[in-house]
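1. Okay, sequence plus prediction incoming.
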Amino acid sequence: MRLQLMKFFGLLFFGFVYSAQAQYSWGTHAFTYLNQLNNAQNAGVGGRLYAINDKEVGLSLDQPALLDASLAHQYHTSVGILPSGVHYGTLVSAFKTKWGVFAPYLRYMNYGSFNQTNPEGQVTGTFNAFDYNIGTSYAYTPNPYFRIGAQINLLGSNLERFSAYGFSAHFSALLVHPNQQFVAALGVRNAGIIFKDYTPQANSMLPLDIYAAVSYRLAHAPFRFHLVGHSLNHAQNIWLDPNATETLDPLTGDTIPVYIPNLGEKIANHLQFQLELIPKGAIQIRMGFDYNRRQQLQLNDFPGLAGFSLGTRLHIKRFDLDYAVQFYSKAGSIQTLGLSTDLARLKRKI
């Protein structure tokens, strides 16, 4: 039965990737939050915590290959607050069946209330904007060192009187070295279709992302280092102004050419760096740096901490409390709070 499920997911994978790649173009995304917002533990490193083998059901939202039988009955919920009151939330749990372990989840993104105006700028009312999706993750474990995971999602979006609906899938593989220190991951996120767009003229696409990641934990120190390559389906993931032209320096009169990124800059924009301090005690600390996020969102005169992320975990008896802050720009940051527990173990204690 497991093999049949994985064959089914494999057919979905090739079909959706082909469809998405054939129609993809910059600036036509819907459901972009799918590649940006994560659970609180993931948010502590800025997202994309893929190459990891921790027994945390919340991480299966972003890496379905992490699921195994030990996660059954685990529960995780996260809430995040963005500038201007925008907020999001996730809820995920896992249960074991005769076909394997599944992790169903709910996720939403609430953009808040907006003023509705007429052509003269007069307020005529208000409207809301809301994205959401439901789905489940599943993983197949042929041996202790290799796992294949899949996730399917139903997507919905309501923006005033406009709505869009779609279907997406996430496929991943996880390789764990026998000594548990080295972990590698490869995957495709948000391969799918939008079967109802906001308007008949719209041509929105899902934010397809192909990634690869590795991590290494030191043998005699509580540090784990991660390197993630994201947006690998794009040779260049830097936004360049298509209308940019050469300008003149007002002081020297020299010509300032249009910016063209070199090879090193293109590679750096695909990289994300993560670091975890994970001692055996009650406190863990995480941090991350996303070069592309910093370059695209920083202000030239006041870059601040754009692109950096910080997070911590506090273990209290049978509960794990996570807090993370992601710095996007001077406009604000995203703060996320998460709670995890094992329902079966909690019930036995009660």
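-> Right, received. Where do you want to start? Predicted, not measured: the structure shown is a model, and the values here were computed from it. Residues are numbered from 1 along each chain as shown.
2. Name the nearest residue to residue 302, ignoring sequence neighbours.
-> Once flanking residues are discounted, residue 302 sits nearest to residue 330: 5.6 Å by CB to CB, 6 or more residues apart in numbering. Yep, even glycine has a C-beta here, placed from its N, CA and C like the rest.
3. same thing with residue 331?
-> Counting by CB to CB, 6+ apart, residue 331 lies nearest to residue 83, which is 6.0 Å off, once chain neighbours are set aside.
4. ok, now how distant is that neighbour from residue 126?
-> 19 Å (CB to CB, to the nearest Å).
5. ranges for the helices of the protein?
-> With DSSP state H as the definition, the chain shows helices at residue ranges 2-23, 40-43, 263-268, 291-297, 343-349.
6. Check the contact between residue 273 and residue 289; I expect there is one.
-> Yes - counting by CB atoms under 8 Å, residue 289 is a contact partner of residue 273 at 4.8 Å.
7. residues touching residue 45, list them.
-> 226, 274-276, 286-288, 309, 311 (CB atoms under 8 Å, 6 or more residues apart in numbering).
8. Please spell out the ChimeraX selection for the buried subset of those.
-> Buried residues within the contacts of residue 45, by 16 or more other CB atoms under 10 Å, are selected in ChimeraX with:
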select :226,274,276,286,287,288,309,311
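9. for the contacts of residue 45, which one is nearest residue 204?
-> Nearest to residue 204 among the contacts of residue 45 is residue 309, at 28.1 Å by CB to CB.
10. Does that closest one have any beta-bridge partners, and if so which?
-> Beta-bridge pairing for residue 309 (DSSP bridges): residue 288, residue 326.
11. Return the residues in contact with it.
-> Taking CB under 8 Å, 6+ apart, we find residue 309 in contact with 43-47, 286-290, 324-327.
12. go again using 10 Å as the cut-off
-> Neighbouring residues of residue 309 by CB atoms under 10 Å, 6 or more residues apart in numbering: 42-47, 272, 274, 286-290, 293, 324-328, 333-334, 336.
13. Check the gap between it and residue 93 for me.
-> Residue 309 is 26 Å from residue 93, where distance means CB to CB.
14. Now residue 73. Its backbone dihedrals?
-> Residue 73 has phi and psi values of phi 80, psi 0 when expressed as degrees, to the nearest 10.
15. My guess is it contacts residue 103. True?
-> No - with contact defined as CB atoms under 10 Å, residue 73 does not reach residue 103; the gap is 11.1 Å.
16. got any residues that touch both of the two?
-> Counting by CB under 10 Å, 6+ apart, the shared contacts of residue 73 and residue 103 are 57, 93-95.
17. looking at it, residue 342 is touching residue 317, isn't it?
-> No - between residue 342 and residue 317 there is no contact under CB under 10 Å: 11.3 Å.
18. Let me know how buried the nearest residue to residue 182 once chain neighbours are set aside is, in neighbour terms.
-> Leaving aside its sequence neighbours, residue 182 sits nearest to residue 216 (CB to CB, 6+ apart; 5.4 Å). Residues lying near residue 216 (other CB atoms under 10 Å) number 16.
19. Pull out the buried positions in stretch 65-74.
-> Within stretch 65-74, the residues that qualify as buried are 65-68, 71-74, counting by 16+ other CB under 10 Å.
20. related to what we said a few turns ago, tell me which residues touch the residue nearest to residue 331, please.
-> Taking CB under 10 Å, 6+ apart, one finds 328-329, 331-335 in contact with residue 83.
21. And residue 183, by the same measure?
-> Counting by CB under 10 Å, 6+ apart, residue 183 touches 50-54, 174-177, 213-217, 224, 226.
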